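Participant: Pasted the sequence and its predicted model underneath.
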Amino acid sequence: MDSIVKSVFTAPLATLFIIAGMVFLFIAVVGNISGKIEPGEKARMASGVVGFIFICLGLTMHLLQKTPGISESPVISTLQPKSDQGEIPSQKSLTGSHIPKQEPMPSSQPAQKQESLSSSIQTIYDGVVASVIRFEKSGGLVVLQLMARNTSRQVRTVCFYPQKTNLVHEATGESWRPKEFVGQECTPIEANTSSRVWMKFDISTPEKSTYSLSSPLLRGTLDNLVLAESS
């Protein structure tokens, strides 16, 4: 019984409307249930009307959830750097065509560092995990590609919080926030699908260092990140 009650309270609102509508229609059709429910003729008619309305509302909400009205086109944004990094020259817009293809990590990279790019961490959204699938230097900036995957059975709206994301040098504790990012800052993710954002950090000498990724999106940090070696 406890599991049934918990399932009812955690079910989507659209599902609750449909269930309630079916109950009202059942009362309208069956009528009297001896000793428990004894509606009159007018009450049965009203119950049928209310049940029909509830089912229509539930189906409408369900269809709206399946077709979110948010544009799928990527959002290109330039973030303000920290005040202690000085003035940054004029920046060019980053488009999908300017994002270079990811190169595989060479076999000489330490095994534990390679695993850090494929490891996942739970996010603040139930059923959604995140992982870094690309981390390399490109065009004078460090490019980090973050992927969020929805492993649940429901649509989840996920925010990546790029303005509050920090890349932290594990040895010195120095941190950087993205200079630019590409992708939807908040986006709905269907069940068993994923969404990605690209972040660019302005780090003068990023080579031969180990980093951690800290973000309000994550329940913890992604550690032991090292740059992929250039081919």
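Facilitator: Right, received. Where do you want to start?
Participant: According to the record, where do the domains of the chain fall?
Facilitator: According to automatic domain parsing, the chain comprises the domains 12-66, 103-225.
Participant: In TSV: the ones you listed, plus mean pLDDT and mean neighbour count.
Facilitator: Where C-beta positions appear, they are placed from N, C-alpha and C, glycine not excepted. Formatted as TSV, the domains of the chain follow (pLDDT from 0 to 100; neighbours: other Cβ atoms under 10 Å):
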stretch	mean pLDDT	mean neighbour count
domain 12-66	78	14
domain 103-225	87	17
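Participant: residues touching residue 212, list them.
Facilitator: 167, 168, 170, 221, 222, 223, 224, 225 (Cβ atoms under 8 Å, 6 or more residues apart in numbering).
Participant: Please report how far residue 143 lies from residue 154.
Facilitator: 31 Å (Cβ to Cβ, to the nearest Å).
Participant: ok, the contacts of residue 212 vs residue 192, which is closest?
Facilitator: Checking the contacts of residue 212 against residue 192 with Cβ to Cβ, the nearest one is residue 222 at 22.0 Å.
Participant: ok, back up a step: just the contacts of residue 212: which are in helices?
Facilitator: Of the positions in these, not one sits in helices, assigned by DSSP state H.
Participant: among those residues, which are in strands?
Facilitator: With DSSP state E as the criterion, strands contain 167, 168, 221, 222, 223, 224, 225 from among those.
Participant: isn't the last one right next to residue 209, touching?
Facilitator: No: taking contact to mean Cβ atoms under 8 Å, the distance of 9.3 Å between residue 225 and residue 209 leaves them out of contact.
Participant: hey, where'd the helices end up in this structure?
Facilitator: Counting by DSSP H, one finds helices in the chain at the ranges 2-10, 13-30, 41-66, 111-118.
Participant: Could you point out which of the contacts of residue 212 is nearest to residue 18?
Facilitator: With Cβ to Cβ as the yardstick, the closest approach to residue 18 among these comes from residue 222, at 40.2 Å.
Participant: Show me what that closest one bridges to in the sheet.
Facilitator: Assessed by DSSP bridges, residue 222 has beta-bridge partners residue 213.
Participant: show me the contacts for it.
Facilitator: Counting by Cβ under 8 Å, 6+ apart, residue 222 touches 116, 119, 121, 130, 131, 132, 212, 213.
Participant: repeat for residue 207
Facilitator: Residue 207 neighbours (Cβ under 8 Å, 6+ apart): 137, 227.
Participant: at 7 Å instead, please
Facilitator: residue 227 (Cβ atoms under 7 Å, 6 or more residues apart in numbering).
Participant: start the count at 41, not 1, going forward
Facilitator: New numbering, starting at 41: the last item is residue 247.
Participant: and it, how far is that from residue 267?
Facilitator: Using Cβ to Cβ, residue 247 is found at 6 Å from residue 267.
Participant: Ok, residue 90 next?
Facilitator: As judged by Cβ to Cβ, residue 90 and residue 267 stand 62 Å apart.
Participant: And residue 197, by the same measure?
Facilitator: According to Cβ to Cβ, residue 197 stands 32 Å off from residue 267.
Participant: Please tell me I have it right and residue 170 contacts residue 161.
Facilitator: Yes: between residue 170 and residue 161 there is a contact under Cβ atoms under 7 Å: 5.8 Å.
Participant: joint contacts of those two?
Facilitator: Residues touching both residue 170 and residue 161 (Cβ under 7 Å, 6+ apart) are residue 258.
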